[in-house]
Structures are given as C-alpha cells and as structure tokens.
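>>> Pasting a predicted model and its sequence here:
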Amino acid sequence: MRTWLLWTAGFIAFPIAGLAGTAVAGRVDSPLAALGGGAVAGLVLGIGQTLAGRGRLDIRRWVPATTVGMGLGLLLGAATVGYRTSLGSLALMGALTGAVLGVAQALALPSVTHRRWAWAAAMPALWALGWTATTLGGISVEDQFTIYGAYGAVTFSALSGVLLHLLLPHRATPGQDRARTPVEARA
C-alpha cells in the first residue's frame, strides 16, 4: 500500500514536467514543439516516476524510454489531431501518446515484470483519461500544454499505480522485514 501511495503522490512530477516542456518548446502547436516539449516533459516525468517507484524502476532504462516515448508520442498525437484542444481531440492525442509511451516504458520495465505488455495496453486509455480529467476540470487546455494537469495526473497516477503494483513484484528495501518462508517461521 505504501508503494502505491508514493507512486500516486508522484503525480506532482506531471505539472513540473509540463512547466519544463513549455519553458523549452512553448505551446504544442507544431511538430518541433510537440517533439521537443514532449521529450523534455518525458525526461522530467521519467525522473519523477523513477523516484516515486522507490527503486522498482531502473533510472537508466525508464528515463530514456519515457523521454523518447513521450516526445514521439506527443508528436504523433498532436499532429494527428491538428494541435486542436477539444475534449475529443485531447483524448485522442492522449491515447496516441500513451500508445507510443506505453510500448517504450513496457520495454524499460524490469525483466522480472509479469505481463509487461499489460502496461503498454493500459497506457492509451490512461493517457486519454488524464487529458479528459484535465479538460473536464476546467484547466485552460487551449494553451496547448505538453502534458495534462494535476487533475489528470492524480487520476493517471492512482490508476497506473495499481497496475504497477500488480505487475512488479514487491522488493524489500533495506531495513524492511521480508516475508518468512514456512521453514524460517518454524525455526
């Protein structure tokens, strides 16, 4: 439960990633802005998710995957919808971004991950939901942000945290009691 709570609290990386992406590339209104802003937002998001993952994600794999996946995904999604910001356009942009990002991140998950492709399959829906929650929350999405806001980030983080918890086996951290085997329990 603690791992899920920390991952969910990691939603704060999303607005920080958005600020960084916007600072570098401005509004997502062109292919270059989508690719550059998406990559910068992905870099910051990848770092934030790695920290929130408490050692369950390898920073050397997760951050580059998130950087590339987010940049290429946002490029595909934003160009497909013509950089429009209606609810339907942003949901589709999110689904396309999530499709590319999900594959990249699934490949970066630890080798012990069970059913890693469930992550890739869930990301389009979760990213579409993130943009939907942000839009319905009244955020000024017409400003063409690189990533959805806090409403979407909390929604995404809570749901993806459940999935991550199911996919990655729990790893005991130093100082934490691990489960004892039946033989150890009898000793």
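Cool, got the structure.
>>> Distance of residue 60 relative to residue 66?
Taking C-beta to C-beta, to the nearest Å as the measure, residue 60 falls 12 Å from residue 66. Heads up, the C-betas are built off the backbone N, CA and C, glycines and all.
>>> neighbour count winner among these two?
More crowded of residue 60 and residue 66, by other C-beta atoms under 10 Å: residue 66, with 28 against 10.
>>> Please tell me how far the more buried one sits from residue 85.
Distance from residue 66 to residue 85, by C-beta to C-beta: 23 Å.
>>> which intervals of this structure have sub-threshold pLDDT?
169-187 (pLDDT under 70).
>>> For stretch 130-143, which outside residues touch it?
Residues outside stretch 130-143 that contact it (C-beta atoms under 8 Å, 6 or more residues apart in numbering): 27, 85, 87, 90-91, 93-94, 148-156.
>>> hmm, try it at 10 Å
The set of residues external to stretch 130-143 that reach it, using C-beta atoms under 10 Å, 6 or more residues apart in numbering, is 11, 14, 22, 27-28, 77, 84-95, 97-98, 145, 147-157, 159-160.
>>> and what of stretch 60-67?
17, 38-50, 53, 56-58, 73, 101, 103-110.
>>> Now which of those residues would you call buried?
17, 38-50, 53, 56-57, 73, 101, 103-106, 108-110 (16 or more other C-beta atoms under 10 Å).
>>> and those residues, which of them are in helices?
17, 38-50, 73, 101, 103-106, 108 (DSSP state H).
>>> Please enumerate the helices of the protein.
In the chain, the helices defined using DSSP H lie at 2-9, 13-25, 31-52, 59-80, 87-108, 117-136, 150-167, 182-186.
>>> and the angle from the second one to helix 150-167?
Interaxial angle of helix 13-25 relative to helix 150-167 (axes from the mean of the first three to the mean of the last three C-alpha atoms, to 10 degrees): 120 degrees.
>>> Does residue 162 touch residue 5 like I think?
No - using C-beta atoms under 10 Å, residue 162 is not in contact with residue 5, being 11.4 Å away.
>>> Mutual contacts of the two, please.
Residues touching both residue 162 and residue 5 by C-beta under 10 Å, 6+ apart: none at all.
>>> which residues touch residue 111?
Residues near residue 111 by C-beta under 10 Å, 6+ apart: residue 58.
>>> Roughly how far does it sit from residue 168?
According to C-beta to C-beta, residue 111 and residue 168 sit 11 Å apart.
>>> What of residue 60?
17 Å.
>>> do the same with residue 89
Computed as C-beta to C-beta, the residue 89 to residue 168 distance reads 33 Å.
>>> do residue 51 as well
In this structure, residue 51 and residue 168 are 15 Å apart, going by C-beta to C-beta.
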